[in-house]
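Trainee: After the sequence you'll find the predicted model.
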Amino acid sequence: MYKLYMFWVLVLLMILSWVSWYLVLNNVSPVQSASLAFPLIYISSFLSVTFTVALFALLLWKTFFPTKSSYICLKNGIRFGILAGILFVIAMIFQQKNELDTETIITLCLLLVLIEFINILNSQK
């Protein structure tokens, strides 16, 4: 897995996305530039969560299914990361509207697990 250059690209993208999230969070004021701050924080949060979850999901796929190809594990990890990033941004929008509660979080997590379960079942056919 560590010989795969795409793994290291994913690690680099994760580090860069967290640096960009930190810079946006500390250097862009939502009071002075609301039209710039909110899209930037949503985009940087999406990328940070996507690459972090993709990296961990990639490693979990390779741990639980060691006979699968590294590229299949990479593809599945990136898919799971993108889904987690989308659902995280949805949760951020709910939080911004003061509508985020425990049921919403549970529903989003169940939706993520259900989509991944359906993808696993379809890939086994």
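Mentor: Cool, the structure landed.

Trainee: Determine how far stretch 63-76 lies from the middle of the whole chain.
Mentor: On the basis of C-alpha atoms, centre = their mean, to the nearest Å, stretch 63-76 sits 18 Å off its chain's mean C-alpha point.

Trainee: and the end-to-end length of it?
Mentor: The first and last residues of stretch 63-76 sit 13 Å apart, counting by C-alpha to C-alpha, to the nearest Å.

Trainee: Leaving out chain neighbours, which residue sits closest to Met6?
Mentor: Leaving aside its chain neighbours, Met6 sits nearest to Leu74 (5.7 Å; criterion: C-beta to C-beta, 6 or more residues apart in numbering). All C-beta atoms are positioned from the backbone trio N, CA, C, and that covers glycine.

Trainee: Okay, buried residues for the helix or strand the one you found falls within please.
Mentor: Using DSSP states H and E, Leu74 falls within helix 70-96. Judged by neighbour count (16 or more other C-beta atoms under 10 Å), helix 70-96 contains these buried residues: 70, 73-78, 80-89, 91-92.

Trainee: What of stretch 30-37?
Mentor: Ala37.

Trainee: Let me know the average pLDDT across it.
Mentor: On average, the pLDDT along stretch 30-37 is 79.

Trainee: how long is it from one end to the other?
Mentor: Using C-alpha to C-alpha, first and last residues of stretch 30-37 are 5 Å apart.

Trainee: and that stretch, how far out from the chain's middle?
Mentor: With C-alpha atoms, centre = their mean, you get 24 Å for stretch 30-37.

Trainee: counting contacts, what elements does the lengthiest helix in the chain pack onto?
Mentor: Longest helix in the chain, counting residues (DSSP state H): helix 34-64. With contacts taken as 3 or more C-beta pairs under 8 Å, 6 or more residues apart in numbering; DSSP states H and E, helix 34-64 sits against helix 5-27, helix 70-96.

Trainee: Serialize those helices to JSON lines and add fields for distance to Val113.
Mentor: Rendered in JSON lines, the data for these read as follows (distance: least, C-beta to C-beta, whole Å):
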{"stretch": "helix 5-27", "distance to Val113": "22"}
{"stretch": "helix 70-96", "distance to Val113": "10"}
